[in-house]
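Engineer: the following block contains a protein sequence and its predicted model.
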Amino acid sequence: MRITTDQAEITKKTVDRILGTPSQVWLFGSRVDDNLQGGDIDLFVETQANVTNRASTICRLYGALMMSLGDRKIDILLKDARTVEVPIFGIARREGVLL
């Protein structure tokens, strides 16, 4: 996994703070492979809460993570209690690392 333990902890705490509830956060994509270099930080966030406005929540998550982790490219997938399951969610769970 190519983020530090501190970055993983900051990410998890930031997501929980913004969502206001404990959630599960997976790091997936190229950052999971220790043999690669660079790449954006791909996050899959899953919560059992109902998110009123997913687009706004993703923007708030992105901003808070940028402030916490520094200026880097971050992609966020968000699944709340009402989001329909799509294949990329399963891929993120299966191939990702739970933070």
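Structural biologist: In hand now; what should we look at?
Engineer: beta partners for the residue nearest the centre of the chain?
Structural biologist: Closest to where the C-alpha atoms of the chain average out (Cα atoms, centre = their mean) is L43, at 2.8 Å. Beta bridges link L43 to L27, I76, judged by DSSP bridges.
Engineer: so what's it up against?
Structural biologist: Counting by Cβ atoms under 8 Å, 6 or more residues apart in numbering, L43 touches 11, 15, 25-28, 65, 74-77. Where you see a C-beta, it was placed from the backbone N, CA and C, and this is true even at glycine.
Engineer: now, which of these sits nearest I3?
Structural biologist: L27 (6.4 Å; Cβ to Cβ).
Engineer: okay, the closest one: pLDDT?
Structural biologist: For L27, the model assigns a pLDDT of 96.
Engineer: kindly report the same for R2.
Structural biologist: R2 carries a pLDDT value of 82.
Engineer: ramachandran angles for it?
Structural biologist: Main-chain torsions, R2, degrees, to the nearest 10: phi -100, psi 50.
Engineer: for the closest residue to it other than its chain neighbours, grab the count of nearby residues.
Structural biologist: Among residues not flanking R2 along the chain, R31 sits closest, at 4.7 Å (Cβ to Cβ, 6 or more residues apart in numbering). Applying other Cβ atoms under 10 Å, we find 20 residues neighbouring R31.
Engineer: can I have the buried ones of the contacts of L43 as a ChimeraX selection?
Structural biologist: Typed into ChimeraX, the line below selects the buried ones among those, using 16 or more other Cβ atoms under 10 Å:
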select :11,15,25,26,27,28,65,76,77
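Engineer: the contacts of L43 into JSON lines, with extra columns for distance to N35?
Structural biologist: As requested, the contacts of L43 are exported to JSON lines (distance: Cβ to Cβ, whole Å):
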{"residue": "T11", "distance to N35": "22"}
{"residue": "V15", "distance to N35": "27"}
{"residue": "V25", "distance to N35": "23"}
{"residue": "W26", "distance to N35": "19"}
{"residue": "L27", "distance to N35": "16"}
{"residue": "F28", "distance to N35": "16"}
{"residue": "L65", "distance to N35": "25"}
{"residue": "I74", "distance to N35": "22"}
{"residue": "D75", "distance to N35": "20"}
{"residue": "I76", "distance to N35": "24"}
{"residue": "L77", "distance to N35": "24"}
